[in-house]
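K.L.:
Predicted model and sequence follow; I will ask about them next.
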Amino acid sequence: MNVTQVQLLLKTLNFMVDCSKFVALYAFYAFPLFLTLICVCILFSYS
């Protein structure tokens, strides 16, 4: 492997880590909100 391949690999790994961080954050914040929204909808439909 030459230097450019290693740099490209590192960039790709960095990108993947950033993506997974973003996805984890999004899931962490959006999932409870989503559940709350569903609960509210269910409550309103029954009341």
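P.N.:
Sure thing, it's come through.
K.L.:
Can you list the residue ranges for helices in the protein?
P.N.:
According to DSSP state H, the chain carries its helices in the segments 3-46.
K.L.:
Pick out the residue nearest the middle of it.
P.N.:
In the chain, the centroid-proximal residue (CA atoms, centre = their mean) is Val23; its distance is 1.1 Å.
K.L.:
Quick check: it vs Gln5, distance?
P.N.:
For Val23, the distance to Gln5 equals 27 Å [CB to CB, to the nearest Å]. C-beta coordinates here come from the backbone N, C-alpha and C atoms, glycine included.
K.L.:
And for Phe28?
P.N.:
If you measure Phe28 against Gln5 using CB to CB, the figure is 34 Å.
K.L.:
Also Lys21?
P.N.:
Distance from Lys21 to Gln5, by CB to CB: 25 Å.
K.L.:
Leu25: neighbour count?
P.N.:
Neighbour count of Leu25, defined by other CB atoms under 10 Å: 10.
K.L.:
Next, the contact list for it, please.
P.N.:
Contacts for Leu25 (CB atoms under 8 Å, 6 or more residues apart in numbering) come out as none.
K.L.:
Show the model's pLDDT score for it.
P.N.:
Listed pLDDT for Leu25 reads 90.
K.L.:
One more: Met1?
P.N.:
Confidence per residue is given as pLDDT, and for Met1 that number is 69.
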